[in-house]
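K.L.:
need coordinates for the following:
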Amino acid sequence: MTLITEDLIDHVYEAAAVPELWPAVLDRVAGQVGSVGGAIYVANAQYAGWVASGLAAPFLAAGAAAAAAPRNLRPQRAVALNHAGFISDHDMFTAEEIERDPHYARLRGAGLGWCAGTVIRAPSGDLLILSWERAFRDGPFGTDTIAALDRLRAHLARAALISGRLGLERARAAADTLGTIGLPAAVLSGRHRTVAANGLLERLIPHVVQDRPSRFGLADRRADALLGQSLLQLDRHTAHQVRSIPIAATPQTQAAIAHVVPVRGAGRDIFATAACVLVITAVVHRETAPAVVVQGLFDLTPAEAKVACGVAAGLTVDDIAGEAGCAVGTVRQQLKSVFAKTGVSRQAELVGILAGSAFLRSS
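P.N.:
Residues are numbered from 1 along each chain as shown. Reported below is the predicted structural model:
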């Protein structure tokens, strides 16, 4: 079987520099080995993720979304074998185990059921698993196909290592670039740990930010709870905008705002491990910011921003309702939403954030 060509190898190394090309590489190999799609799994101390192509992609996505999906024992068996090459199903399981395994039953229900895969331990610490799926009706991968994949394995391993190193460099460059314009920033992984941070942010440790083993955190307990909620929203892909979190002043530090910026689409890949960028901006102005600025900082609606600025300017709820020509109950509901989005519970605290007078933490 002819699998390795100069053109394919070029395509593999191109994907190392342009991560968006990995699905196309997986699909191209799938077409040559009689597969319906392939996948790359990446796991390290900070992150675990995958990218897939063909029929493998919707199957994996459905399994990841279904809490009741049976556990896939293939990765565990493959790692335990510690084989420096590709293996197939019967290298990992007996025929009886395959027949009894609920994950194989789910695969066969989707028309799949055979794989060829390999485990690669990168010097960077990443654990990589590459796997191609075959339709059940086509039978298992043969020894000639496994041998052809083995000849491609070294190129795939090198390309994955390059992707990992480039991903880390991109994260560092992003943090450093924000540092050049005076913004403390950190790039956080999907497991909410620090991938890279610039010097300005490191100076805020531990009085403002904390690089904990469990996750990146904020010293202000109220702000840290909001950060935890925001990161959870990122995991669930429910946060599509910047989330801004007020950080209370202390006798040693001024008030600040932490902005959580999701990394989506082409900006994120399974090797870069970046889930979001966290930027800290100080509250230094005493005057109230314009409504359009307040709206952008805290993801408020235009009406909510006007209510927030009205409160900061000393207006009562009745005053704001009169100026807007709406019911007092409507303004109260909008103010309640403003409290939720800014993480405060009292009007005085809201005034402190918007006017820069910095409320003292109550914790």
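K.L.:
list the buried residues for the helix or strand encompassing L149?
P.N.:
Using DSSP states H and E, L149 maps to helix 143-180. Residues of helix 143-180 classed as buried by neighbour count (16 or more other Cβ atoms under 10 Å): 145-146, 148-149, 152, 155-164, 166-168, 170-171, 174-175, 178-179. Quick note: C-beta positions are derived from backbone N, CA and C, even for glycine.
K.L.:
repeat that for stretch 115-135.
P.N.:
115-120, 122, 126, 128-135.
K.L.:
go on, stretch 94-105?
P.N.:
Buried residues in stretch 94-105 (16+ other Cβ under 10 Å): 98, 101, 104.
K.L.:
ok, and what's touching that stretch?
P.N.:
Contacting residues not belonging to stretch 94-105 are listed as 70-74, 89-90, 93, 113 [Cβ atoms under 8 Å, 6 or more residues apart in numbering].
K.L.:
and those as JSON lines, adding neighbour count?
P.N.:
Converted to JSON lines, the contacts of stretch 94-105 look like this (neighbours: other Cβ atoms under 10 Å):
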{"residue": "P70", "neighbour count": "14"}
{"residue": "R71", "neighbour count": "11"}
{"residue": "N72", "neighbour count": "17"}
{"residue": "L73", "neighbour count": "15"}
{"residue": "R74", "neighbour count": "21"}
{"residue": "D89", "neighbour count": "23"}
{"residue": "H90", "neighbour count": "13"}
{"residue": "F93", "neighbour count": "17"}
{"residue": "G113", "neighbour count": "21"}
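K.L.:
hang on, the earlier thing: if you look at the buried residues of stretch 115-135, which of them are in strands?
P.N.:
Cross-referencing those against strands under DSSP state E gives 115-120, 128-134.
K.L.:
residues in contact with the spatially most central residue of the chain?
P.N.:
A centroid search over the chain (Cα atoms, centre = their mean) returns A275, at 2.8 Å, as the residue closest to the centre. If you count contacts by Cβ under 8 Å, 6+ apart, A275 has them with 47, 188-190, 192, 231, 234, 262-263, 268.
K.L.:
closest to L200 out of the residues you listed?
P.N.:
The closest of those to L200 turns out to be L188 (Cβ to Cβ; 16.0 Å).
K.L.:
for that closest one, give me phi and psi.
P.N.:
phi -110, psi 150 (degrees, to the nearest 10).
K.L.:
picking that back up, need the buried ones from the contacts of A275 selected in PyMOL.
P.N.:
Only the buried entries of the contacts of A275 go into this PyMOL selection, using 16+ other Cβ under 10 Å:
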select buried, resi 47+188+189+190+192+231+234+262+263+268
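K.L.:
can you redo the contacts of A275 as JSON lines with pLDDT?
P.N.:
Shown next, in JSON lines, are the contacts of A275 (pLDDT from 0 to 100):
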{"residue": "Y47", "pLDDT": "64"}
{"residue": "L188", "pLDDT": "88"}
{"residue": "S189", "pLDDT": "81"}
{"residue": "G190", "pLDDT": "76"}
{"residue": "H192", "pLDDT": "87"}
{"residue": "L231", "pLDDT": "87"}
{"residue": "L234", "pLDDT": "74"}
{"residue": "P262", "pLDDT": "75"}
{"residue": "V263", "pLDDT": "70"}
{"residue": "R268", "pLDDT": "49"}
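K.L.:
tell me which entries of the contacts of A275 lie within strands.
P.N.:
188-189, 262.
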